[in-house]
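> could you work out the structure for the sequence below:
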Amino acid sequence: MSDLKDKILGSWVGMAVGDALGQSVKGLKPETVKQYFKQVDRYHDVRPFIGKGIKQYRMAGLYGVQTQRALAVCDSLLKTKKPNGEDLSDLLVRLSAHGPENYFGMFRRPEGCFYKSVRDLPNRADPLLADQASAYACYFSMAVPLALYQQRPSKTLMQYCIEAALLLSRHPWEVAGAAVTGFITTRLLSEEGLPEGAALLNEAAEFCKTAEAWYQENYPDRFTLQEKNPEAMSRTLRDLADQYSQGQLENLPVWICDNASSYIKTKIAHATQGHALTILPQALVRLLTPGQEFSSTLTGTLNLGREADKLGALIGCWAGAVHALAGIPQGWQSGLVNGKEIKLRGEALAKRKKGSMGKDLLDMELGLTQKEAEERRKYLPKEPQKSAKKASVLEDLWLEEEADDTLPQLKEDPRRWREFERDKTRKKRDRRRNLPPKEP
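Next up, the predicted model:
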């Protein structure tokens, strides 16, 4: 029988392993995954396929933004003992700065909606008042450290998950999905083995309905702001439980697509597309397929490609909670880049105190992203420099105090243009040398 600590470590490490394994096949069709790699049973090298379906270099074994956001929540939580919107917002903003070129700070392959939300954080009077209303299943993994810290389903956990998601999206489907992710994680921690599928789905639907009611009661002006069907997530989970009870598991992916399409009024063709109403149900279906070990559950899911990092993080977290750390193949654990630091934070979550957490998050993630960027420059062809003829707003992290200026405006003032060029050159040099940025 697995003890609670091993299950917590399995869930935490499993999330990072699933995210890292999914990086190599993110965005690929299932047919392409099979053609390139046969199956996702290890950390694949993408270098032979860059320019042939894979556009960006991805370091083998290195996790992406799904785990990075969870790490930010984890460090903030262990520091403040409970989620603190201002502290987490500040940490996300600092992670978004001082990264290498072609990255959003230190974040690796983030979504556009996340970029916009983080850039908007310093301008908000209240961190919870996110202007973005995305429902692309981006922020579900942020609930994982909250669940592993709380270790049991509760109203407190529900509130923490909701408020963490509200930092970055006000969409009720995204927010409710984060709450359900936390609930499923804690529910699996309390079980020895996999619970009965229909019962678990019904419990999740009930928890989701409670979360939607809490969101509506506490933020009534935001709950109905975006969608005519703000309770679609709880209805989806309830209907999924009914479909699961009928026993035709092979038909569930088609049902997931049809169900999501009925709510968003556009055609969803694949259950692995990046949407809250597809990613969460699909992950639950893959998890509840009977007779699987950790490796077969995760490999079978990642072979589907597309939003492999989001599905991999969820499946890795949940299957890790079921099978514990010992159930994760040793080769996947040893091949996970930064695995030691990940485990240290998992142990801190299990003990519910900061303790020895290892490296500082900012230094750790900056080093990892810079290492990937250095390898990227070796294997990707040099991109031609783009002409700065368009008078578009300058969104370059070189300039903070003059971010609203355009390039033509800067060039009209020779003194400011020389200062800009000198500052840009100095920061490039410092980043190559891995020096900290100078204080203004």
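
> name the surrounding residues that touch the lengthiest helix in the chain.
As assigned by DSSP state H, the longest helix anywhere in the chain is helix 197-218. With contacts defined as CB atoms under 8 Å, 6 or more residues apart in numbering, helix 197-218 is touched by 153, 155, 158-159, 161-162, 172, 175-176, 179-180, 183-184, 187, 222-224, 230-231, 233-234, 237-238, 240-241, 244-245, 284, 288. To be clear about C-beta, it is placed using only N, CA and C from the backbone, and glycine gets the same treatment.

> buried among these? Make that a ChimeraX selection.
Command for ChimeraX, covering only those of the contacts of helix 197-218 found buried under the criterion 16 or more other CB atoms under 10 Å:
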select :153,158,159,161,162,172,175,176,179,180,183,184,187,222,223,230,231,233,234,237,238,240,241,244,284,288
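
> narrow the contacts of helix 197-218 to those in strands?
Members of the contacts of helix 197-218 lying in strands (criterion: DSSP state E): none.

> skipping adjacent residues, who's closest to Arg152 in space?
Of all residues not flanking Arg152 in the chain, Thr186 sits nearest, at 5.3 Å (CB to CB, 6 or more residues apart in numbering).

> so the one you found sits against Pro153, correct?
Yes: counting by CB atoms under 8 Å, Pro153 is a contact partner of Thr186 at 4.9 Å.

> just the element for Gly355, please.
Counting by DSSP states H and E, there is no helix or strand that carries Gly355.

> now do the closest residue to it other than its chain neighbours against Val46, distance only.
Among residues not flanking Gly355 along the chain, Ala348 sits closest, at 5.0 Å (CB to CB, 6+ apart). Separation of Ala348 from Val46 (CB to CB, to the nearest Å): 32 Å.

> please apply the same query to Ser24.
As defined by CB to CB, Ser24 lies at a distance of 5 Å from Val46.

> now do the shared contacts for these two.
Common neighbours of Ser24 and Val46 (CB under 8 Å, 6+ apart) are Arg58, Ala60.

> count of neighbours near Val337?
The number of residues packed near Val337 is 17, by other CB atoms under 10 Å.

> quick check, it in contact with Thr67.
No: counting by CB under 8 Å, Val337 stays clear of Thr67, with 10.6 Å between them.

> quickly list what's touching both of these two.
Common neighbours of Val337 and Thr67 (CB under 8 Å, 6+ apart) are Ala20.

> buried set for the longest helix of the chain?
197-198, 200-205, 207-212, 214-215.

> how about stretch 271-285?
Within stretch 271-285, the residues scored as buried using 16+ other CB under 10 Å are 271-285.

> next step: those residues restricted to helices.
When helices are assigned by DSSP H, the members of the buried residues of stretch 271-285 inside them are Ala276, Leu277, Thr278, Ile279, Leu280, Pro281, Gln282, Ala283, Leu284, Val285.

> list the contacts for the last one?
Right, Val285. Here Val285 is in contact with Leu240, Tyr244, Leu249, Leu252, Pro253, Ile256, Ala271 (CB under 8 Å, 6+ apart).

> which ones among those residues map onto helices?
For the contacts of Val285, membership in helices holds for Leu240, Tyr244, Leu252, Pro253, Ile256, with DSSP H as the criterion.

> checking the residue nearest the centre of the chain next. Helix, strand or coil?
When CA atoms, centre = their mean is applied to the chain, the residue found nearest the centroid is Gln66 (2.2 Å). Look at Gln66: counting by DSSP: H, G, I helix; E, B strand; the rest coil, its state is helix.

> not counting sequence-adjacent ones, nearest residue to it?
Ala313 (4.1 Å).

> state the distance from the one you found to Glu375.
From Ala313 across to Glu375, the span is 23 Å (CB to CB).

> okay, those two: which has more neighbours?
Legend: neighbour count by other CB under 10 Å for Ala313 and Glu375, higher for Ala313 (34 against 16).

> in which helix or strand would I find that one?
For Ala313, the host element (DSSP H and E) is helix 308-323.

> what's the next secondary structure element after that helix?
Counting by DSSP H and E, the next helix or strand C-terminal to helix 308-323 is helix 330-335.

> which residues touch that next one?
Under the contact criterion CB under 8 Å, 6+ apart, helix 330-335 has outside partners Val13, Val17, Leu21, Arg42, Tyr43, Ala60, Gly61, Ser295, Leu325, Gly339.

> give the contact list for Trp255.
Applying CB under 8 Å, 6+ apart to Trp255 gives the contacts Leu240, Gln243.

> what do you get if the cut-off is 7 Å, keeping everything else the same?
By CB atoms under 7 Å, 6 or more residues apart in numbering, the residues touching Trp255 are Gln243.

> per-residue pLDDT of the residue lying closest to Ala20 once chain neighbours are set aside, please?
Leaving aside its sequence neighbours, Ala20 sits nearest to Tyr63 (CB to CB, 6+ apart; 4.3 Å). pLDDT, Tyr63: 98.

> repeat that for Gln409.
48.

> ok, Met158 next?
At Met158, pLDDT is 97.

> what distance do you get for it to Ile256?
Distance, Met158 to Ile256, by CB to CB: 24 Å.

> tell me where the model's unsure across the stretch 51-200 of the chain.
Within the stretch 51-200 of the chain, no range satisfies pLDDT under 70.

> send me the strand or helix carrying Arg376 as PDB with only the CA atoms.
Assessed by DSSP H and E, Arg376 sits inside helix 361-379. C-alpha atoms of helix 361-379 as PDB (Å, rounded to 0.1, in the frame of the first residue of the first chain):
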ATOM      1  CA  LEU A 361      12.900  29.500  -8.800                       C
ATOM      2  CA  LEU A 362      13.900  32.600 -10.800                       C
ATOM      3  CA  ASP A 363      17.600  31.500 -11.100                       C
ATOM      4  CA  MET A 364      16.600  27.900 -11.800                       C
ATOM      5  CA  GLU A 365      14.200  28.700 -14.600                       C
ATOM      6  CA  LEU A 366      16.400  31.300 -16.200                       C
ATOM      7  CA  GLY A 367      19.200  28.800 -16.300                       C
ATOM      8  CA  LEU A 368      17.100  26.100 -17.900                       C
ATOM      9  CA  THR A 369      15.600  28.400 -20.500                       C
ATOM     10  CA  GLN A 370      18.900  29.900 -21.400                       C
ATOM     11  CA  LYS A 371      20.400  26.400 -21.800                       C
ATOM     12  CA  GLU A 372      17.500  25.400 -24.200                       C
ATOM     13  CA  ALA A 373      18.000  28.700 -26.100                       C
ATOM     14  CA  GLU A 374      21.700  28.000 -26.500                       C
ATOM     15  CA  GLU A 375      21.000  24.600 -27.900                       C
ATOM     16  CA  ARG A 376      18.200  26.100 -30.100                       C
ATOM     17  CA  ARG A 377      20.700  28.500 -31.700                       C
ATOM     18  CA  LYS A 378      22.900  25.500 -32.700                       C
ATOM     19  CA  TYR A 379      20.100  23.600 -34.500                       C
END
